[in-house]
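Asks: quick one, structure for this:
(one chain, ligands or ions: 3)
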Amino acid sequence: MGKRTIPRHIGIIMDGNGRWAEMRGLPRLEGHKRGVARVREIIETAYKMGIEALTLYAFSIENWQRPQDEVSIIMDLFHDTLLEQHPIFIEKDIRFKLIGDRKRLSVDLINLIDFIERTTANNRKLVIQCALSYSGRDELVRAIRKIIDLKIPSQNIHEDFISQFLDTAGIPDPDFLIRTSGEQRISNFLLWQSAYAEFYFTPTLWPDFTKEEFLEAIYEYQSRERRFGKIYNRALNAF
Ligand code: IPE
Ligand code: IPE
Ligand code: MG
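Replies: Ligands and ions are numbered 1, 2, ... in the order given. Coordinates of the predicted model:
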């Protein structure tokens, strides 16, 4: 891989907001709020670097099992942040799209998401996929249901075909996945799409994940050799 190749698509599991707050004797909400500040900063940095796609894991299907008050706080924060970022998306040619099971979201939130998606649909500079009420297995189940409902003959099913039925249809697979907070697991994020993603795990909690560390992570990505199962011939400088 060329030394200066930047990832086209970065996925981030933004974890550790609760622990960041608890360590300071603050309510978990404060960690989520501080996390939003980092989201703004990372979007801006990705935009300036010319990254094409950024997928941010904000809330998993499993997270619905959290106490109701935390769930409401996160949804409200998401709503307000989306509204606040909308003019920036318009001004900077950023497309916003949601991935996840919309049926579980409130009508208010769905309306806002639809509006933001519609008004940014033709923006080209950067696409932000926000994973909200998202889980990789759930996404696959919904895709399989759509395929069966369309009565598609089995011989038509192949990998690219399946990709077209996922929430991420049309977006290239992630090259690089970052997870903050020290946990080294995928927690149901982009299961199908991350087949050949490079992983980066950092103990830094999400509210402390600065743009400097983001750049450091990308720098590390640039030192990796992605082989996709092939063998690299150093003499020929090619696969
Ligand atoms: C990530 O932070 C945000 C969400 C999952 C919504 P957490 O809330 O999981 O924070 P920790 O992992 O408990 O510290
Ligand atoms: C993963 O974090 C989901 C998001 C960051 C939105 P969790 O905190 O829910 O994951 P686990 O429970 O530690 O695996
Ligand atoms: Mg967590």
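
Asks: what mean pLDDT does the host helix or strand of residue 140 get?
Replies: Applying DSSP states H and E as the criterion places residue 140 in helix 136-149. Averaged across helix 136-149, the pLDDT comes to 98.

Asks: centre of the chain to that helix, how far?
Replies: Its chain's C-alpha centre and that of helix 136-149 lie 19 Å apart, by Cα atoms, centre = their mean, to the nearest Å.

Asks: quick check: residues of this protein near ligand 2?
Replies: Those residues of the chain that sit near ligand 2, judged by Cβ under 6 Å from any ligand atom, are 13-15, 57-60, 62-63, 183, 185, 187. C-betas here are computed from N, CA, C, even on glycine.

Asks: can I get those in CSV including neighbour count and secondary structure?
Replies: CSV is the format used below for the residues of the chain next to ligand 2 (neighbours: other Cβ atoms under 10 Å; DSSP: H, G, I helix; E, B strand; the rest coil):
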residue, neighbour count, secondary structure
13, 26, strand
14, 24, coil
15, 19, coil
57, 26, strand
58, 25, strand
59, 22, strand
60, 21, strand
62, 11, helix
63, 17, helix
183, 13, coil
185, 10, coil
187, 14, coil
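
Asks: tell me which of those is nearest to residue 105?
Replies: Among those, residue 59 lies closest to residue 105 (Cβ to Cβ), at 9.6 Å.

Asks: find the nearest non-adjacent residue to that closest one, please.
Replies: residue 132 (4.9 Å; Cβ to Cβ, 6 or more residues apart in numbering).

Asks: in what helix or strand does that neighbour lie?
Replies: Counting by DSSP H and E, residue 132 is part of strand 126-134.

Asks: which residues touch the closest residue to residue 99 other than its chain neighbours?
Replies: Nearest residue to residue 99, sequence neighbours excluded (Cβ to Cβ, 6+ apart): residue 167, at 3.7 Å. For residue 167, the contacting residues are 98-100, 129, 134, 139, 142, by Cβ atoms under 8 Å, 6 or more residues apart in numbering.

Asks: now the longest helix along the chain: mean pLDDT?
Replies: Secondary structure assigned by DSSP state H gives helix 68-92 as the longest helix of the chain. The average pLDDT within helix 68-92 is 98.

Asks: who touches it?
Replies: With contacts defined as Cβ under 8 Å, 6+ apart, helix 68-92 is touched by 28-29, 32-33, 36, 39-40, 43, 47, 58-59, 63-64, 94-96, 105-106, 108-109, 112-113, 116, 119-120, 123, 125-126, 128, 132.
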